[in-house]
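Visitor: The amino acid sequence is not available; the structure is as follows:
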């Protein structure tokens, strides 16, 4: 009986010490640690274009999102974007998400996704349209309310990746959008109540990036979609 009592006391003591240690850890911020988004740059898109000359390390079909402060060169997603908007009637396309670029390390590189919705009267779609959607991984996303109006919708998400360059050299000579479209660059940081992490406000550009000239894309669709 005495031996059992001693064991019980020892177990209680260990539990108490563990609880104290846990409480101390929590008080130091262990339980309040969380991952939060941290904006590092806000800009406005004034045009879309292509580099006047091929940029080193970028594909020949790279598209440039021309911002007032910086240029956002797409190494991935630009070709699919151009293909889609050249095949579809821009009057029926709308952007369903904002232009938010995620830079994991604030190192001048980013990834993102551009989500578009294409809605028309169901009878206006041809077999060629449906085949085109299937080839480009477009999914149907028709709402019940649209079905009642005999409208059919298709949604497509275009993965984007690229690098951040200085503002283009010939910004003033480009054909601009009728109104600037907002764009944001953000990262994610670990934050606690006791030790909140801060990210510098100055955005990092892609290493060795230099300003370059851009040729405005001829697609009227871009203006209609982003205006």
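Guide: That came through fine. Given the structure is predicted, the values throughout are model-derived calculations rather than measurements.
Visitor: lowest-pLDDT helix or strand in this structure?
Guide: helix 2-27 (a mean of 44; mean pLDDT, DSSP states H and E).
Visitor: Could you list every helix and strand in contact with the next helix or strand after that one?
Guide: Note on helix 2-27: by DSSP states H and E, the next helix or strand toward the C-terminus is strand 34-51. When contacts are defined as 3 or more C-beta pairs under 8 Å, 6 or more residues apart in numbering; DSSP states H and E, strand 34-51 packs onto strand 63-67, strand 70-76, strand 181-191, strand 214-216, helix 220-226. No exception for glycine: its C-beta is placed from N, CA and C like everyone else's.
Visitor: tell me the mean pLDDT over strand 34-51?
Guide: Average pLDDT, strand 34-51: 93.
Visitor: can you pull the buried residues of it?
Guide: Neighbour-count burial for strand 34-51 flags 40-41, 43, 45-51 (criterion: 16 or more other C-beta atoms under 10 Å).
Visitor: Reformat the residues you listed as a markdown table; add distance to residue 167.
Guide: Putting the buried residues of strand 34-51 into a markdown table (distance: C-beta to C-beta, whole Å) gives the following:
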| residue | distance to residue 167 |
| --- | --- |
| 40 | 17 |
| 41 | 12 |
| 43 | 9 |
| 45 | 12 |
| 46 | 10 |
| 47 | 11 |
| 48 | 15 |
| 49 | 13 |
| 50 | 16 |
| 51 | 13 |
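Visitor: list the contacts for residue 58?
Guide: 51, 73, 75, 163 (C-beta atoms under 8 Å, 6 or more residues apart in numbering).
Visitor: Residue 118: which of the helices and strands packed on strand 34-51 is closest?
Guide: helix 220-226 (10.4 Å; C-beta to C-beta).
Visitor: Identify the residues contacting that closest one?
Guide: 45, 48, 85-86, 88, 90-91, 93-95, 116, 177-178, 181.
Visitor: Buried only: go through those residues for me.
Guide: 45, 48, 85, 88, 90, 93, 116, 177, 181.
Visitor: would JSON lines of those with distance to residue 33 be doable?
Guide: Formatted as JSON lines, these follow (distance: C-beta to C-beta, whole Å):
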{"residue": "45", "distance to residue 33": "35"}
{"residue": "48", "distance to residue 33": "40"}
{"residue": "85", "distance to residue 33": "43"}
{"residue": "88", "distance to residue 33": "45"}
{"residue": "90", "distance to residue 33": "46"}
{"residue": "93", "distance to residue 33": "42"}
{"residue": "116", "distance to residue 33": "37"}
{"residue": "177", "distance to residue 33": "41"}
{"residue": "181", "distance to residue 33": "35"}
